[in-house]
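1. Build me a structure from this.
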Amino acid sequence: MVTISIPSKTAQRIREEARRLGVSVEEYVLELITQGLDPRDRAVEYIEAAEELVGRAGDELERGDVRQAAEKVWGAAALAVKAYAWWRDRRRLTSHRELWEYKDVMADELGEWVNHVWNEAGGMHTCFYEGWCTERSVRAALKQVERLVKEVSARINRR
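-> Numbering: from 1, shown residues only. Coordinates of the predicted model:
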């Protein structure tokens, strides 16, 4: 992970816009900086960001921040689905509805287990806002999402 310093007003604007769009700050910034890339290159950027979020989720768990870990688990799953859509169909997914629909494409190709993982990840997204999940639940979801990220990464990087 790299830390970049920006003015606090700019950071607040980024957080607000990401929240308005229903995405993480990382995902919002990623979208901005990859706009000019070829869709397959965007897929690589997205899956690399998903891999980073998986690692950061584990770090958050070690620090005892279950809520932040849960959000990073969700973010990694969402980025994996977006990466697959860029790689497979050169398609940009822009809403939660599109993510939910596209994960069915992935389940058809990768296996029904994708639906289970997606549901686990969705629970983590809710957990971030509600704060009710346990460390055990987040660890279990992280393990499942890590499998999804690895599978998508393997396909994308086979080009």
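2. Can you pull the poorly scored residue ranges out of this protein?
-> Along the chain, segments meeting pLDDT under 70 span 1, 158-159.
3. Please, where are all the helices along the protein?
-> Remark: helices assigned in the chain by DSSP state H are 8-21, 25-33, 39-63, 66-89, 96-110, 113-130, 135-156.
4. Now do the first one: distance to the chain's middle.
-> This means helix 8-21. 18 Å (C-alpha atoms, centre = their mean, to the nearest Å).
5. coming back round to it: out of the helices of the chain, which comes closest to V2?
-> helix 39-63 (10.0 Å; C-beta to C-beta). Using the backbone N, CA and C atoms, a C-beta is placed for each residue, glycine as well.
6. Okay, angle between that closest one and helix 66-89 too, please.
-> Interaxial angle of helix 39-63 relative to helix 66-89 (axes from the mean of the first three to the mean of the last three C-alpha atoms, to 10 degrees): 160 degrees.
7. Show me what helix 39-63 is in contact with.
-> By C-beta atoms under 8 Å, 6 or more residues apart in numbering, the residues outside helix 39-63 that reach it are 1, 26-27, 30, 34, 37, 66, 68-70, 72-73, 75-77, 79-80, 82-84, 86-87, 90-91, 135, 138-139, 142, 145-146, 149, 152-153, 156-157, 159.
8. Weed out the non-buried ones from those residues.
-> Buried by 16 or more other C-beta atoms under 10 Å: 26-27, 30, 34, 66, 68-70, 72-73, 75-77, 79-80, 82-84, 86-87, 138, 142, 145-146, 149, 152-153, 156, out of these.
9. so which of the helices of the chain is the most packed in?
-> When the helices of the chain are scored by mean count of other C-beta atoms under 10 Å, the highest mean neighbour count falls to helix 66-89 (a mean of 25).
10. other SSEs contacting that one?
-> helix 25-33, helix 39-63, helix 96-110, helix 113-130, helix 135-156 (3 or more C-beta pairs under 8 Å, 6 or more residues apart in numbering; DSSP states H and E).
11. Kindly present these as JSON lines, with separate columns for distance to S8.
-> Shown next, in JSON lines, are those (distance: least, C-beta to C-beta, whole Å):
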{"stretch": "helix 25-33", "distance to S8": "14"}
{"stretch": "helix 39-63", "distance to S8": "22"}
{"stretch": "helix 96-110", "distance to S8": "29"}
{"stretch": "helix 113-130", "distance to S8": "23"}
{"stretch": "helix 135-156", "distance to S8": "30"}
